[in-house]
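Enquirer: build me a model:
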Amino acid sequence: MGTKAADIVVYLDNTKTTPKIVLEIKKPKRKDGIDQLKSYLNAEGSPIGVWSNGADSIILYRPYPKQFDDTLFDIPRRGEEPSAVLEKKKTLLDLKRDFNFKKIIQDLEELVLADSGADEFNEIFKLIFAKIWDEKEAQENPKRKKTVEFGKALDPEITYDRINKLFHSACEEWPGIFDEGEDIKLRKDHLQVCVGPIEGVRLMGSNLRIMDDAFEYLLPTEAKKKKGQFFTPRHVVEMCVRMLNPKRTDYVMDPSCGSAGFLLHAMDWCYPAKDADARELRKHRYAAKYLWGIDFETRAAKTSPALMLIAGDGHTNIFGPDVSSLDPRTWYNTGSGTKLMQALRDAKLTKKKIPDNETLKDEDLAWEYFDELKFDVILASPPFAGEMKDKKMLAHYDLARPALKRAKDKGAKEERDVLFIERILKWLKPGGRAAIVLPQGKFNNSSLAFIREWILRKARLLAVVGLHPNTFKPHTGTKTSVLFVQKYTDKELKQIDNVKEEVAQACPDYEQTIRDLLAKHEDDLTIPEEEIPEAIAELLLETFQETEPDNGNGEAGDNEEAEPLELEDRVSQADEEIANLRNELIQAKQQLEDLASDVEALEQQRDREIEILEQGWISAKRELTQARKKLRDEYKEKIKAWSYPASVDDSTFGI
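Expert: So this is what the prediction gives:
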């Protein structure tokens, strides 16, 4: 009584003495119960356990007499031993296409990864690249006859050697993603567990949204919060692609590509492919030529190639890590950067032609050749956090001039997303289109008006689409919008200059006219009204409006008593006052949102400075604590000064 029992037990025969499989069944959406299943396996002495909630499942296997938990990709048939499942050769057709990769990762975390001591993100991606290479080889190599090798053996030593060999083959096929000569660092018994759930699924051609969700889950929380790196929700990405409507012959770039979401959606929009043959054709005819991506961050530089490979692109033009879109000088110091420069030259995407005899070794020429490019479409969601402090680099940006001017002889800094705006417009060809996801403050903060003015001088504003405050939650509550622009062509810029010149020529020189009048009547107290040109008189009246004289009783004009207003007029007057108050309320709320955005920026800056302080600290820990407290107190005062004194709502204005 009261003792929990397994939901289903499968025995070897009708005597029901030797259990073979124990099943733990949960309601849909339930994720718990694996530990409970393990206890049943120990109690019943069963070698195989199955956990399922109807949508997801995992098969546990305990090779007797070992105590650590192993996994299988399938349940043994009647009369089969678990070893038969392990030794069975699989083809691509045997692999499942419908699966939840995020749930697979979560199960592996619970089983071994959380206690493995290895870099979870890196090790999972090693297995992913090994699996993708194996599937690609099975598809393309006729000797394989579509047979896959990614699978476990009875002996963990053999499993490790097999998977590590596949990983090395993947590194040779796609160099630059992992360190040269790197091995899988998971313990052999832990790798044995991890291979089981992965070997039975087919990654290439799988659902990209599911894989993307899993990859974002793997991205460490600190990278999202401190570096402002979040995967842009796929419905936002899809909106941007549909609104810009790239064509098959458009060169598409994402200078902060992350998981390559924009590039993947652009590929599906321009060149849909439903089967392996169509994807292979798309890779050679479209993706390898027209899709380009760059990312500086190491983890993102693994994510984007993986997703592009899964989609069947081949990740030909994905460059990184340590390749900064903001500073082309960094390209000269890495293998990926060198490939990027060569690829841009070969594709003739630089505005200034690079001579054939240029060796691309002199980084002093970086800005001359790569400051302006010729992409047709750029889609980007730059990191929300972070600042650039290299004065030599900032000197090449128009939008960094105010920061350099403020800094004078001190260290200058400008936010990364501000610099990305200029970088994106400079990388567009004349007439090119761009969609940029930016914090709302860039669109309405009065102190950032110079950014908006610069954009409007360079490009035509197509649209600004406000996103819901929850768009990037739970990673950040920063309100964002998407900016859609089209870069002016040289012809359009010339037309704009001509219009400006025509307006300037047609406009009378009011300043000189006023100076002449003042000089003529230098000794007079007033200038006769009839001598003032009508246009100047109207201008003066607009600028300096006359007020009604006060008669000393608080009433303007003559002493006649004002007639009482009719009821209808009083109602109209009240409505007008209410409308004015509502306008004031809207303005006040907008100011409050601006202030909240500024306060959030200060808090992010504080966290970054504390992180830098901690990383570079070499003195005693006690002194670090004092320095950290001092820094926090300084920012506390700044935030207090910025904070709005009271909440603003309808009741504040009596509405």
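Enquirer: any idea which element Pro246 lies in?
Expert: Following DSSP states H and E, one finds Pro246 outside all helices and strands.
Enquirer: so where's the longest helix in the chain?
Expert: helix 567-616 (DSSP state H).
Enquirer: quick one: the helix or strand following it to helix 567-616, angle?
Expert: Using DSSP H and E, the helix or strand that follows helix 567-616 towards the C-terminus is helix 621-642. Per axes from the mean of the first three to the mean of the last three Cα atoms, to 10 degrees, the angle that helix 621-642 makes with helix 567-616 is 170 degrees.
Enquirer: tell me the mean pLDDT over helix 621-642?
Expert: Summarised as a single mean, pLDDT over helix 621-642 is 76.
Enquirer: what do you get for stretch 512-528?
Expert: The average pLDDT within stretch 512-528 is 84.
Enquirer: please point out which parts of that stretch sit buried.
Expert: For stretch 512-528, the neighbour count (16 or more other Cβ atoms under 10 Å) marks 514, 517 as buried. (C-beta placed from N, C-alpha, C; glycine too.)
Enquirer: now stretch 164-181
Expert: Residues 164, 166-171, 174, 176-178 are the ones in stretch 164-181 that count as buried (16+ other Cβ under 10 Å).
Enquirer: of those residues, closest to Glu422?
Expert: Closest approach between the buried residues of stretch 164-181 and Glu422, by Cβ to Cβ: Gly176, at 27.8 Å.
Enquirer: once you drop chain neighbours, what's closest to the closest one?
Expert: Ser336 (5.0 Å; Cβ to Cβ, 6 or more residues apart in numbering).
Enquirer: select the longest strand from this protein.
Expert: strand 428-439 (DSSP state E).
Enquirer: quick check: what element follows the lowest-mean-pLDDT helix or strand in the chain along the chain?
Expert: One helix or strand of the chain scores below all others by mean pLDDT, DSSP states H and E: helix 221-226, with a mean of 45. Remark: after helix 221-226, the chain's next helix or strand is helix 234-244, criterion DSSP H and E.
Enquirer: quick one: average pLDDT of that following helix?
Expert: 92.
Enquirer: buried ones in that helix?
Expert: 234, 236-237, 239-241, 244.
Enquirer: what of stretch 365-383?
Expert: Buried residues in stretch 365-383, counted by 16+ other Cβ under 10 Å: 365-367, 369-383.
Enquirer: how long is it from one end to the other?
Expert: 27 Å (Cα to Cα, to the nearest Å).
Enquirer: chain center to that stretch: distance?
Expert: Centroid separation for stretch 365-383 versus its chain: 17 Å, with Cα atoms, centre = their mean, to the nearest Å.
Enquirer: again with stretch 124-144
Expert: 28 Å.
Enquirer: can I get that stretch in CSV? Just the C-alpha atoms.
Expert: Written as CSV, here are the backbone C-alpha positions of stretch 124-144 (Å, rounded to 0.1, in the frame of the first residue of the first chain):
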residue,chain,number,x,y,z
ILE,A,124,27.5,19.2,-28.2
PHE,A,125,28.5,21.2,-31.3
LYS,A,126,31.4,18.7,-31.9
LEU,A,127,28.9,15.9,-32.0
ILE,A,128,26.5,18.0,-34.2
PHE,A,129,29.3,18.6,-36.8
ALA,A,130,30.4,15.0,-36.7
LYS,A,131,26.8,13.9,-37.3
ILE,A,132,26.3,16.4,-40.1
TRP,A,133,29.5,15.3,-41.8
ASP,A,134,28.5,11.6,-41.5
GLU,A,135,25.1,12.2,-43.0
LYS,A,136,26.6,14.3,-45.8
GLU,A,137,29.1,11.5,-46.6
ALA,A,138,26.4,8.9,-46.5
GLN,A,139,24.4,10.9,-49.0
GLU,A,140,27.2,11.8,-51.4
ASN,A,141,29.6,8.8,-51.2
PRO,A,142,28.3,5.9,-53.4
LYS,A,143,30.6,3.4,-51.5
ARG,A,144,28.6,4.1,-48.3
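Enquirer: which residues sit against that stretch?
Expert: With contact meaning Cβ atoms under 8 Å, 6 or more residues apart in numbering, stretch 124-144 is reached by 91-92, 95, 105, 108, 113, 146-150, 163, 166-167, 169-171, 173-174, 177-178, 182, 184, 194-195, 198-199, 202-204, 218, 276, 302-303, 306, 309-310.
Enquirer: avg pLDDT for it?
Expert: 87.
Enquirer: pull the number of nearby residues for the closest residue to Asn470 other than its chain neighbours.
Expert: Take Asn470 and drop its neighbours on the chain: the residue closest to it by Cβ to Cβ, 6+ apart is Gly477, 7.8 Å away. Using other Cβ atoms under 10 Å, Gly477 has 12 neighbouring residues.
Enquirer: does Gly477 really touch Pro469, like I thought?
Expert: Yes. Gly477 lies in contact with Pro469 (Cβ atoms under 8 Å); the separation is 6.1 Å.
Enquirer: pLDDT weak spots in the stretch 51-200 of the chain?
Expert: Scanning the stretch 51-200 of the chain for pLDDT under 70 picks out 63-70, 112-116.
Enquirer: let's see it at 80
Expert: Along the stretch 51-200 of the chain, the model assigns pLDDT under 80 to residues 54-57, 61-74, 78-88, 107, 109-121, 154, 175-177.
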